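> model this:
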Amino acid sequence: MAIDDEEAIRDILVRLLSPDGHTVECFASAEEALGHVQASAHDIILLDLRIPGIDGRQFYERVRDTSPGLAGKIVFLTGDTMSPDTHQFISSTGNISLSKPFRREDLRKVIFTVAQRTNTGK
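Residues are numbered from 1 along each chain as shown. Okay, here's the model as predicted:
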């Protein structure tokens with residue numbers, strides 16, 4: 001699952017991940033994505049922190065409260081230059097973040113890391 005208000009980012013994620021056999025379900029808003037989070041299984045959620053409406057932090061908190069295991073599969077995407085507030089939030093979650101712009105190799109590494117964490121229960 002990918003949640004980003006920028007269509008270009010959603011398109012890039014699909015183009016980068018589809019050749020590796022990943023199915024990418026994209027959403028432009030967290031509100032829209034919340035209705036689908038519980039409806040189907042997700043191996044990873046790529047989540048933009050700065051989106052209109054329910055922002056990435058609020059989305060994460062809602063998922064954490066209802067599905068703690070799934071919350072650990074959230075990767076934060078940020079174009080933010082890691083302000084102290086953003087850095088502190090991401091650090092407090094223990095989740096991985098990926099700064100925009102990112103390279104395909106970085107995205108693959110993040111997906112592999114999340115999969116390893118999930119398989120080992122860390």
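> the longest helix in the chain is where?
Of all segments of type helix in the chain, defined using DSSP state H, the longest is helix 104-120.
> got the CA positions of stretch 46-53 in CSV?
What follows is the C-alpha trace of stretch 46-53 in CSV, where atoms were taken according to Å, rounded to 0.1, in the frame of the first residue of the first chain:
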residue,chain,number,x,y,z
LEU,A,46,4.6,3.4,2.3
LEU,A,47,3.2,6.5,4.0
ASP,A,48,3.9,10.2,3.2
LEU,A,49,4.1,12.1,6.5
ARG,A,50,2.9,15.4,5.0
ILE,A,51,-0.4,14.8,3.4
PRO,A,52,-3.6,17.0,3.7
GLY,A,53,-6.4,15.9,6.0
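> contact partners of it?
Contact with stretch 46-53 is made by 1-6, 9, 13, 29-31, 55-57, 59-60, 74-80, 86, 98, as judged by CB atoms under 8 Å, 6 or more residues apart in numbering. In short, each C-beta sits where N, CA and C put it, glycine included.
> are any of the residues you listed buried, and which?
1-4, 9, 13, 30, 56-57, 59-60, 74-78, 80, 86, 98 (16 or more other CB atoms under 10 Å).
> inside strands: which ones of the residues you listed?
Among the buried ones among the contacts of stretch 46-53, the members found in strands (DSSP state E) are 2-3, 74-78, 98.
> adding distance to residue 110, write the residues you listed out as a markdown table.
What follows is these, written out as a markdown table (distance: CB to CB, whole Å):
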| residue | distance to residue 110 |
| --- | --- |
| 2 | 12 |
| 3 | 15 |
| 74 | 11 |
| 75 | 6 |
| 76 | 10 |
| 77 | 10 |
| 78 | 13 |
| 98 | 5 |
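> from what I can see residue 2 touches residue 12, true?
No - Residue 2 lies out of contact with residue 12 (CB atoms under 8 Å); the separation is 9.5 Å.
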